[in-house]
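Chemist: Return a 3D structure for these sequence lines:
(one chain, ligands or ions: 2)
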Amino acid sequence: ILGVMLLLMIAAGLGLVTLLVVFFKPQIRQYGAGGVCQSAATLNGKTVLITGANTGIGKETALDLARRGARVIMACRDVDKGEEAAAGIRGAYPPALVEVRELDLADTCSIRAFAETLLREINQLHVLINNAGVMMCPYTKTVDGFEMHIGVNHLGHFLLTHLLIGLLKRSAPARIVVVSSLAHNFGWIRFHDLHSQGSYNSGLAYCQSKLANVLFARELARRLRGTEVTVNSVHPGTVNSDLTRHSTLMTIFFTVFAMFLKTPREGAQTSIYCALAEELHAISGKHFSDCAPAFVAPQGRSEETARRLWEVSCELLGVEWD
Ligand SMILES: NC(=O)C1=CN([C@@H]2O[C@H](COP(=O)(O)OP(=O)(O)OC[C@H]3O[C@@H](n4cnc5c(N)ncnc54)[C@H](OP(=O)(O)O)[C@@H]3O)[C@@H](O)[C@H]2O)C=CC1
Ligand SMILES: CC1=C(/C=C/C(C)=C/C=C/C(C)=C/C=O)C(C)(C)CCC1
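Modeler: Ligands and ions are numbered 1, 2, ... in the order given. The predicted structure is shown next:
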């Protein structure tokens, strides 16, 4: 009897929770959606480059900026997936000026080839959105032997930005948006083992790379003072996207809790805000979430760590960037 009563109580509890969720669905969704970019700014005549634009947050950012009149270059490692996404964007907004170019951030030759062609073919770049990312993949190395998270999420974007910075300066006012994460709070830069050769934890490797994103944005902002090129980092929120593809547990979790998470369109709002909001025209080196300034962990505010990471990144990539 006790067992039956317990089962009945669990069933009643579950039923009540389901009822509450169904009843308060609009409120839950509104809260989950987070901040919305309220700017009505248009981008006619402006050129925007977004990495990892074939899916998730990147694709929704591309659609929004194309709707505002920008020429959007979608830099994707899989051109077929990119073309499919571009077709979707043109379907949703037929006048969209979107084009797909191949860029594999896990290969410095691909990054150099991409930048070389781009610099030959376009003479203005007003917004660069370093959006592409990989999370919790098994231990893998990039073509150049970097651990995949730090290689793609940080070093790949570092090199890309280095190669395009002249173009951005010539196009000023220009903006750089670095898509980081709340996960930077749980990361630290392991200078003694940046590529996790000693020990590897996929979650911590991701957190390290997202901390590197925050530090890179701050250090670059410092170096860009007086250029009219600004750079800010972003936490997009917890977004139901393909990012969890390497973790079955996370994928199940995200599917079950989908209603509480942001959709990719909602997750794109802070990137869009940092790319175009009028009030941010002179703001640089800051971190944003939900279209508002956000907390940065102490390890993300360390000037010394930022400088050291900059030097190590230059060394690993064989570039000089003062
Ligand atoms: N979703 C979330 O909850 C959060 C996301 N973020 C950040 O937001 C950004 C976008 O993620 P999200 O849209 O959610 O994830 P998705 O997995 O949906 O999109 C990631 C994009 O990055 C691309 N990418 C991965 N590796 C490479 C590479 N080597 N070269 C070029 N492109 C590559 C992917 O291409 P392909 O499809 O071909 O693999 C894809 O287009 C990431 O930087 C992520 O860290 C931050 C906090 C939370
Ligand atoms: C704990 C918890 C959740 C999980 C949060 C997770 C798993 C966040 C993942 C963040 C990521 C992927 C960041 C990427 O940079 C939910 C689902 C919101 C439901 C409420 C309780």
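Chemist: Counting neighbours, what do you get for the residue in the chain that ligand 2 sits nearest to?
Modeler: Going by Cβ to the nearest ligand atom, ligand 2 is nearest to Ser181 of the chain, at 3.2 Å. Backbone N, C-alpha and C define where each C-beta goes, glycine included. Neighbour count of Ser181, defined by other Cβ atoms under 10 Å: 26.
Chemist: give the contact list for the nearest residue to it once chain neighbours are set aside.
Modeler: Spatial nearest neighbour of Ser181, excluding adjacent residues (Cβ to Cβ, 6 or more residues apart in numbering): Lys210 at 4.2 Å. Neighbouring residues of Lys210 by Cβ atoms under 8 Å, 6 or more residues apart in numbering: Asn153, Ser180, Ser181, Ala183, His184, Gly187.
Chemist: can you check Leu280 too?
Modeler: Contacts of Leu280 (Cβ under 8 Å, 6+ apart): Arg175, Thr230, Asn232, Tyr273, Cys274.
Chemist: if you set the cut-off to 10 Å instead, what comes out?
Modeler: By Cβ atoms under 10 Å, 6 or more residues apart in numbering, Leu280 lies in contact with Ser39, Arg175, Thr230, Asn232, Tyr273, Cys274, Lys286, Phe288, Cys291.
Chemist: Three-state assignment for Asn54, please.
Modeler: Under the three-state scheme (DSSP: H, G, I helix; E, B strand; the rest coil), the conformation of Asn54 reads as coil.
Chemist: Flag every buried residue along the lowest-mean-pLDDT helix or strand in the chain.
Modeler: Every helix and strand of the chain was ranked by mean pLDDT, DSSP states H and E. The lowest is helix 25-33, at a mean of 80. Residues Gly32, Ala33 are the ones in helix 25-33 that count as buried (16 or more other Cβ atoms under 10 Å).
Chemist: residues from this protein in reach of ligand 1?
Modeler: The chain comes close to ligand 1 at residues 51-52, 54-58, 77-78, 81, 103-106, 131-135, 152, 179, 181, 235-236, 238-239, 241-243, as judged by Cβ under 6 Å from any ligand atom.
Chemist: As a check, name the ranges of all helices in the stretch 101-250 of the chain.
Modeler: Along the stretch 101-250 of the chain, counting by DSSP state H, counting those that start in this stretch, helices occupy 108-121, 148, 157-170, 202-223, 248-256.
Chemist: and the ones you listed, which one is worst for confidence?
Modeler: Comparing mean pLDDT across the helices of the stretch 101-250 of the chain, the weakest is helix 248-256, with a mean of 95.
Chemist: residues in the chain within reach of ligand 2, list them.
Modeler: Ser181, Ala183, Thr238, Phe253, Phe257, Phe260, Leu261.
Chemist: Is it possible to get JSON lines of those residues that adds distance to Gly45?
Modeler: Output for these, formatted as JSON lines (distance: Cβ to Cβ, whole Å):
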{"residue": "Ser181", "distance to Gly45": "32"}
{"residue": "Ala183", "distance to Gly45": "36"}
{"residue": "Thr238", "distance to Gly45": "35"}
{"residue": "Phe253", "distance to Gly45": "43"}
{"residue": "Phe257", "distance to Gly45": "42"}
{"residue": "Phe260", "distance to Gly45": "40"}
{"residue": "Leu261", "distance to Gly45": "36"}
